[in-house]
Each structure stands twice: as structure tokens, then as C-alpha cells.
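Enquirer: just coords:
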Ligand SMILES: *Cc1c(COP(=O)(O)O)cnc(C)c1O
């Protein structure tokens, strides 16, 4: 793990822009609030249209503000190119569509993000594309599920509910032997804690709406990969479906991105402190966080990741009704979907693994970890958790 070396260069990258005095020395990158770009001669216009992957003609193609963000994100992922989209799902659907044709088969891990699973299993069905779901922790299951018409292997490591991992290097090796493209959702790790392209994945996608923007005020997504794949996506799914990111959003995201490495440094520490705190409680059966030595794939996490973010879950020997009461007692956690902002969030799920137990997902924000554990302790006391078991 070369965490320090890596985060140092990434930290520097996000605070230094690539622009120069062309922008009158403006310290932040300007927002190019324009739909089109004009030329002083037909010859110049024709030159630009001949190279419209790289030139500025119309904002549903290239916009300098969005391009600046794309450049930074590509560098953070170690990719040749990146393209930003209006949301994570716009990026996911575009990336999947770029890899399949009618009659193809997709292999997807069973813990992938719900809407991505629905897009593959339900929506793509009407185009004659079939998807099967496999246990991503078993390389053998992946190997045997590949069919002659499989064109895409869809991964998400760690997954964002149960935090299961896939061995990215091995998955890529198995897929590439069969001529299958590998796409991975890297949202949990952010480009700071894991770079799947270096491990053999072909395309990496992110929801920018989570840690990357980081302030619960913007939606976005991006795809990164080799120039050849990315240029094909630019001409097809990016330009034709048109789910692009606006310049205003790109500026907001760049502002959030500047503090991504420092936020994650703090949140990695808080997330682990809270995971360890929960693990010690007698009525908590299991804490799902890949950074804990008790995680069944902790060694793999250490091998392929350089750090951890702060979304985790736990299973408690307390009834779902009791845990819902607990969540309502928390003063520092708000109840809601999504994650990656400054504020802590909690979700209690009915999907209990066993009768009489509960499943809770926590997002640890930027609050002081001691305040968070004190808040949790007070809420456990309020529901009588210590009286029953402790
Ligand atoms: C939120 C999320 C997405 C989708 O991103 P949106 O920006 O909400 O469209 C995809 N994958 C994961 C893991 C997510 O958490």
C-alpha cells in the first residue's frame, strides 16, 4: 500500500488547475455558460467539426469547464480519458449500452447497486439482452457463468449495502480470457482509495453525487478508461443520449473535489473508529466494513485498496422496530438515502438476515467521531439495548 505517496500526489492534483493566464489569472476555473462556440471563418469551423471529440462546438459535446473536471478525474483514476454525465445512472447506463448488442449476455455481481441491476435485468430485456447475477466473492461462479455470448462483466467492489469485494485482478483475467469487457462501479472507494483500471478493469464508473461532490448539493457521474473506448462512448451514448453535465455543476463539483482527499482522510479514520466501537457492543452481531480484520475479505481489501471510505453497515440482535426507534433517537444522524456529503445518515432496513435481528446502514459524515459514538450510546440507552443484553 502506497497510501501516503498516492494521496500526496492526488491531493496536489485536485488543488492545482490545468488552466493558465488565458483566463485573466482567475483563481478558479471560469464557468463557460454557453451552449455553442463560434468561429470567424468557415475553414476554422470545418477544422473543428472534423475533430469534434477534442474541439469546442456545442456544449452537448465539449465544454471547457466540464473538460477541466474530466481531466482531473481521468488523472485521479489513472485513465486516458473521462467523461462526465448528469448522474451516476446516466454514466452507468451509457457505459453498459456501449458494451452490448442485441442478443448479448451480461454477467453482473448480485450485490450491485439496485437501479443498475434493474437497468440490466429489466430494461435491457426489451432489446434481447439477458443478464445473470452471480456471487461476486466466488471466482469459480464467475468463471462458470460466462457464456459464448457474454460481452460484459459488471462489478461493484466493495458493494454499497453488504460491502462485499471482488478480486478485480482475477475477475479481469477471467473475463479477458473470454473476450469479455470489465466495467466496475468504484463509487464507494472514490478514485482516492482504489484505481480499478490499474488492476485490469476496462471501464470505471462513479456516481459524483456521493463523496466526489461531497456536499449533498450536486448530482453527476463519470466514466473513465482507454481513449479508444472513451471516444467511442463520446460519439455514441454520450452525444446521442445526451445526459451530459452542465458547466455550473462541473464548477460546483470541482470545488468539492479540492477537499476530497482531506475529507476522506478524516472519514476513513471516523468510519473505522465507529466500526470498531459497534463491533465491541454485545448486541451487535456483525459489522460490515472491509477495513476491519473481521471482514471475511479483509486481506483482499488490503491488497487492492489503498484506503477506506465511511459508509458501513451492521447487523444487530435487536428487533427492526427497536432499531427504527434507535435511528429516530439519534441526534447527529439524518434519515435518508444517498451518502458522501458532510452529514451523517442512517437507514434501517427490514431485510433482516435473521428473525428478530436488524440491518442498519450508516454513513459517517464529517462530525467529530467522539460526538457520534456518544450520540449512538445515548440512543442505545434510550431503547434499553444495554438492559437487555449488556
Ligand atoms: C448513488 C449510486 C449510484 C448512482 O448514482 P446517481 O448519481 O444517484 O445516479 C451508482 N452506484 C452507487 C454505488 C451509488 O451509491
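Expert: Alright, I've got the coordinates. Note that this is a predicted model, so its numbers are computed, not measured. Residues are numbered from 1 along each chain as shown.
Enquirer: ok, residues contacting stretch 60-76?
Expert: 10, 13-14, 17-19, 29-32, 52-56, 59, 79-84, 191-192, 206, 212, 222, 224, 234, 239, 242, 244-247, 250-251, 253-254, 257 (C-beta atoms under 8 Å, 6 or more residues apart in numbering). All C-beta atoms are positioned from the backbone trio N, CA, C, and that covers glycine.
Enquirer: and if you look at stretch 137-149?
Expert: Taking C-beta under 8 Å, 6+ apart as the rule, stretch 137-149 contacts 103-105, 107, 132, 134-136, 153, 164-167, 170-171, 174-175, 178, 180, 296-297.
Enquirer: which of those fall in strands?
Expert: Under the assignment DSSP state E, the contacts of stretch 137-149 contribute 105, 107, 132, 134, 153 to strands.
Enquirer: return the member of the residues you listed nearest to the ligand.
Expert: residue 153 (16.4 Å; C-beta to the nearest ligand atom).
Enquirer: returning to what we had before: quick check: ChimeraX command selecting the buried ones in the contacts of stretch 60-76.
Expert: To isolate the buried ones among the contacts of stretch 60-76 in ChimeraX, judged by 16 or more other C-beta atoms under 10 Å, type:
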select :10,13,14,17,29,31,32,55,56,59,79,81,82,83,84,191,192,206,212,222,224,234,239,244,245,246,247,250,251,253,254,257
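Enquirer: the contacts of stretch 60-76 in strands, which ones?
Expert: 81, 82, 83, 84, 206, 222, 224.
Enquirer: and of the residues you listed, the nearest to residue 319?
Expert: In terms of C-beta to C-beta, no member of these lies closer to residue 319 than residue 206, at 36.4 Å.
Enquirer: can you pull the contacts of the closest one?
Expert: Residue 206 touches 73, 88, 91, 185, 186, 187, 190, 191, 212, 221, 222, 224, counting by C-beta under 8 Å, 6+ apart.
Enquirer: let's see 10 Å
Expert: Applying C-beta atoms under 10 Å, 6 or more residues apart in numbering to residue 206 gives the contacts 73, 76-77, 82, 84-85, 88, 91-92, 184-191, 212, 220-224.
Enquirer: please apply the same query to residue 116.
Expert: Residue 116 touches 88, 89, 92, 93, 95, 96, 108, 154, 156, 183, 185, 205, counting by C-beta under 10 Å, 6+ apart.
Enquirer: same thing but at 7 Å, please
Expert: Contacts for residue 116 (C-beta atoms under 7 Å, 6 or more residues apart in numbering) come out as 92, 185.
Enquirer: now the helices for the stretch 1-150 of the chain?
Expert: Residue ranges of the helices in the stretch 1-150 of the chain, as given by DSSP state H, counting those that start in this stretch, are 3-15, 42-50, 64-77, 88-99, 114-118, 139-145.
Enquirer: tell me which residue in this structure sits closest to the ligand.
Expert: residue 88 (2.1 Å).
Enquirer: number of residues surrounding the nearest residue to that residue once chain neighbours are set aside?
Expert: Using C-beta to C-beta, 6 or more residues apart in numbering and skipping the chain neighbours, the partner closest in space to residue 88 is residue 207 (2.7 Å). When neighbours are counted by other C-beta atoms under 10 Å, residue 207 registers 28.
Enquirer: residue 86 is in contact with residue 207, correct?
Expert: No: if you go by C-beta atoms under 7 Å, residue 207 and residue 86 don't touch, sitting 11.2 Å apart.
Enquirer: which among the contacts of stretch 137-149 end up buried?
Expert: Here, 16+ other C-beta under 10 Å leaves 104-105, 107, 134, 136, 153, 164-167, 171, 174-175, 180, 297 buried among those.
Enquirer: and the residues you listed, which is closest to residue 329?
Expert: When the buried ones among the contacts of stretch 137-149 are compared against residue 329 (criterion: C-beta to C-beta), the nearest one is residue 164, at 29.7 Å.
Enquirer: for residue 293, grab the count of nearby residues.
Expert: 8.
Enquirer: tell me how far it lies from residue 302.
Expert: Note on residue 293: its distance to residue 302, by C-beta to C-beta, to the nearest Å, is 10 Å.
Enquirer: residue 270 in helix, strand or coil?
Expert: helix (DSSP: H, G, I helix; E, B strand; the rest coil).
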